[in-house]
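In: Got a sequence here, can you build the structure:
(one chain, ligands or ions: 1)
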Amino acid sequence: MGRLQDKVAIITGAGQGIGLAYAERFLAEGAKVVVAEINEDRATHAMEHLAGKGDAIFQATDISNPESGEACVAAAVERFGTVDILVNNAALYYDIDNFDTSYEYLQKVTAVNQHGAWLMGRAAAPVMAKHHYGRIINQSSGAAYAYSFPSFGDEFAGLGNFSYSITKWGVVGLTKFMAAQLGVWGITVNCIAPGVTMTEATKKIVPDMFIQGMTAATAMKSTLEPEDLAGACVFFASDEAKFCTGQTLVIDGGLAMPG
Ligand SMILES: NC(=O)c1ccc[n+]([C@@H]2O[C@H](COP(=O)([O-])OP(=O)(O)OC[C@H]3O[C@@H](n4cnc5c(N)ncnc54)[C@H](O)[C@@H]3O)[C@@H](O)[C@H]2O)c1
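Out: Coordinates of the predicted model:
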């Protein structure tokens, strides 16, 4: 018996990186998994990787599109009968442009990273409430807590839009409000804020110098692998976390210690 035996889990952005590691671990724990991913190539590779490891389906999903999120939940219900767990892992991270400081781009990143989690929660919560059981796990980031910026040159370069960091901070707040409303329906909502995790996205987006600097500032002097986060996600998704809700767990080797 796995710790998530026969539970039905939607994991967004499970086409690669941390979401894929969550999907693999959830299958090992006996869950049935919906890989909800916008990028079909990534999803194809993910499904090949997960083949033979348990009961998983791919549902093409854009979490920033309300109809697409609803369709994802409907597909889970049709195939597996219900939804017990929603992991809001998808975000613009590999595909983010940190140099686009326009308002339009801030709106786009917000639509995915923050509103996408809300839209998926809105779609899944009624199904969970119907059987008075649910687990929602949102994915924030250590970027929500890191607010020191290097200064480049003497000229004021314009206000940044902080799109990634601010949406990840937003996810922490969203977690609290969702938890507060949904608890009475037997639904818990928690959040994981990972530190530097060595996915393809991190290798592409974060300059080596930053990785080294941030790692040196951690207590454990080490970066993480996606698998290092999976145990916490299983815990929040399991019955053991029955009375744990509205919480954000920072897993970063000891950099941000919000207390
Ligand atoms: N890797 C890290 O160091 C790190 C640290 C802190 C937080 N995080 C967060 O963890 C999560 C996963 O990180 P990762 O490194 O695996 O990133 P990633 O960019 O490799 O994975 C994100 C996945 O989400 C998918 N996605 C993007 N937009 C989508 C949409 N609109 N609908 C559905 N799917 C969509 C992407 O195609 C991709 O497969 C992200 O939320 C990221 O912000 C990562």
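In: Report whether residue 98 is found in a strand, as I expect.
Out: No: per DSSP: H, G, I helix; E, B strand; the rest coil, residue 98 lies outside any strand segment and is coil.
In: and it, what does it touch?
Out: 163, 164, 205 (CB atoms under 8 Å, 6 or more residues apart in numbering). Yep, even glycine has a C-beta here, placed from its N, CA and C like the rest.
In: Could you rerun that using 10 Å?
Out: Contacts for residue 98 (CB atoms under 10 Å, 6 or more residues apart in numbering) come out as 105, 109, 160, 161, 162, 163, 164, 165, 205, 206.
In: do the same with residue 211
Out: Residue 211 touches 196, 198, 202, 203, 223, counting by CB under 10 Å, 6+ apart.
In: For stretch 66-77, list every residue counted as buried.
Out: Within stretch 66-77, the residues scored as buried using 16 or more other CB atoms under 10 Å are 68, 69, 70, 71, 72, 73, 75, 76.
In: Would you reformat those as a markdown table and include distance to residue 212 and secondary structure?
Out: A markdown table is the format used below for the buried residues of stretch 66-77 (distance: CB to CB, whole Å; DSSP: H, G, I helix; E, B strand; the rest coil):
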| residue | distance to residue 212 | secondary structure |
| --- | --- | --- |
| 68 | 39 | helix |
| 69 | 38 | helix |
| 70 | 43 | helix |
| 71 | 43 | helix |
| 72 | 38 | helix |
| 73 | 42 | helix |
| 75 | 43 | helix |
| 76 | 41 | helix |
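In: and which of those residues is nearest the ligand?
Out: residue 68 (7.7 Å; CB to the nearest ligand atom).
In: Name all residues that make contact with the closest one.
Out: Contacts of residue 68 by CB under 10 Å, 6+ apart are 36, 38, 59, 60, 61, 62, 116, 119, 120, 123.
In: Also within reach of the ligand: list those from those residues.
Out: 38, 61, 62, 116 (CB under 6 Å from any ligand atom).
In: so where is the stretch 151-259 of the chain shaky, pLDDT-wise?
Out: 151-152 (pLDDT under 70).
In: what does it put close to the ligand?
Out: 194, 196, 197, 199, 200, 201, 202.
In: Now do the contacts for the fourth one.
Out: Put plainly, it is residue 199. Per CB under 10 Å, 6+ apart, neighbours of residue 199: 16, 17, 18, 19, 20, 21, 93, 94, 205, 224, 225, 226.
In: and the gap between it and residue 94?
Out: Between residue 199 and residue 94 the computed distance is 8 Å (CB to CB, to the nearest Å).
In: what is in contact with these two at once?
Out: What both residue 199 and residue 94 touch, as defined by CB under 10 Å, 6+ apart, is the set 16, 17, 205.
In: In TSV: these, plus neighbour count.
Out: Below are those laid out as TSV (neighbours: other CB atoms under 10 Å):
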residue	neighbour count
16	21
17	21
205	16
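In: For the ligand, state which of those residues is nearest.
Out: So of the shared contacts of residue 199 and residue 94, ranked by how close each gets to the ligand (CB to the nearest ligand atom), first place is residue 17, at 2.1 Å.
In: Quick check: nearest residue in space to the closest one, chain neighbours excluded?
Out: Nearest residue to residue 17, sequence neighbours excluded (CB to CB, 6 or more residues apart in numbering): residue 199, at 3.7 Å.
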